[in-house]
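>>> Quick one: sequence plus predicted model below, questions after.
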Amino acid sequence: MKKFISVFFTLLLCLLITSCNNNSSSSNESSQNSINSSSSTISSYVPSSSEPEPEPTVEFTIDPGMTIYDIAKILEQNGYCTAAEFEEICSKTPDSVLFEDYQPNEIRPFAVEGYILAGDYSLTCDTDAQSILNELLKYTENFITGDMKAKASEYNMSIDEMITLASIVQKESKNTQAMPGVSAVFHSRLESPDYQYLQSDMTKDYANGAYDTYKVKGLPAGAICSPSEDALKAAFYPEEGLTAYYFVYDINGEYYFSDNYEQHRENINKLKEQGLFKIW
């Protein structure tokens, strides 16, 4: 009898141990499944962003004296827009305060020639021709001050005419130091009834000769290039006290001004004798 009871309790103890192990395994498996499920949920979560994509940056350089054709090529080479697209936009009169006194002229290849200042540009805008032009013109709008506009009125000239003059000053100046003096010569000619022609060699080739100031009285129909900021300033603020009508420069970039043609020829002959004369 004692032996039977011992065997009975042994079997009962085994059943209890087996039951506990099964419950523990089930609990651990359930817990592990819960962790795996949580991990799966976290790993598949992708945060959303409501911030807009940043606009592209357009960077390039316009050298003093460049034309719209040159600028269009640069934009195309940098992959921003095609040259043809930019040229087409530039042929139209833009919606800008700069063009309030602008007079359309069929002779002008581009309405905005001269209105885009030379310099290094870093623009935040779309890379289409219109967006780029709009940003370029903003620079010029901000550069021309109220005092400059008042100066233009003193000369009885429009902003468009001042920009045209600045483009010629740019082309005729070998350095920035000469610009105020060169500007003074052209201002003197524009204000004198005795000098009806500016006689700038730099105007001969633009627009197939339609801008040639040896044939066209006063200023040509429009600008011939992009002026630098210094050239534009010189157009508004020519050298004070200089009333010369001629200038010539030497191989070192030094300019010689004269009040009449005879003195001008003397300056040229002296430079030739000294081996300093240079033709553009």
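Received the coordinates, thanks. Residues are numbered from 1 along each chain as shown.

>>> Next, the buried residues of the helix or strand that contains residue 161.
Secondary structure from DSSP states H and E places residue 161 in helix 159-172. Using 16 or more other CB atoms under 10 Å as the test for burial, helix 159-172 gives 159-172. In short, each C-beta sits where N, CA and C put it, glycine included.

>>> Past that helix, which element shows up next along the chain?
helix 179-191.

>>> List the buried residues in that following helix.
Under the neighbour-count criterion of 16+ other CB under 10 Å, helix 179-191 has 179-190 buried.

>>> now it and helix 159-172, what's the angle there?
For helix 179-191 against helix 159-172, the angle by axes from the mean of the first three to the mean of the last three CA atoms, to 10 degrees is 130 degrees.

>>> give me the element the residue most central in space within the chain is part of.
Using CA atoms, centre = their mean, the residue of the chain that lies closest to the mean C-alpha position is residue 121, 4.0 Å off. Here residue 121, judged by DSSP H and E, is contained in strand 119-124.

>>> Output the below-cut-off pLDDT ranges for the stretch 1-150 of the chain.
For the stretch 1-150 of the chain, the stretches flagged by pLDDT under 70 are 1-53.

>>> The residue nearest to the centre of the chain and residue 75: what is the separation?
Distance of residue 121 to residue 75, given as CB to CB, to the nearest Å: 10 Å.

>>> what's the offset of stretch 166-181 from the middle of its chain?
Distance of stretch 166-181 from its chain centroid, counting by CA atoms, centre = their mean, to the nearest Å, is 21 Å.

>>> which residues sit against that stretch?
The contact list for stretch 166-181 (CB atoms under 8 Å, 6 or more residues apart in numbering) reads 64-65, 113-114, 118, 182-183, 186, 198, 200-203, 213, 219, 223-228, 230-235, 237-239, 242, 244, 247, 249, 253, 255, 257.

>>> try 7 Å
With CB atoms under 7 Å, 6 or more residues apart in numbering as the test, stretch 166-181 has contacts from 64-65, 114, 182-183, 186, 198, 200, 202-203, 223-225, 227-228, 230-232, 234-235, 237-239, 242, 247, 249, 253, 255, 257.

>>> got the end-to-end distance for that stretch?
End-to-end distance of stretch 166-181 (CA to CA, to the nearest Å): 12 Å.

>>> Same check on stretch 212-219?
Distance between the boundary residues of stretch 212-219 (CA to CA) amounts to 9 Å.

>>> same thing with stretch 93-103?
Terminal-residue distance, stretch 93-103 (CA to CA): 10 Å.

>>> Ok, stretch 73-89 next?
Stretch 73-89 end-to-end distance (CA to CA) = 14 Å.

>>> One more: stretch 60-72?
One end of stretch 60-72 to the other measures 11 Å (CA to CA).
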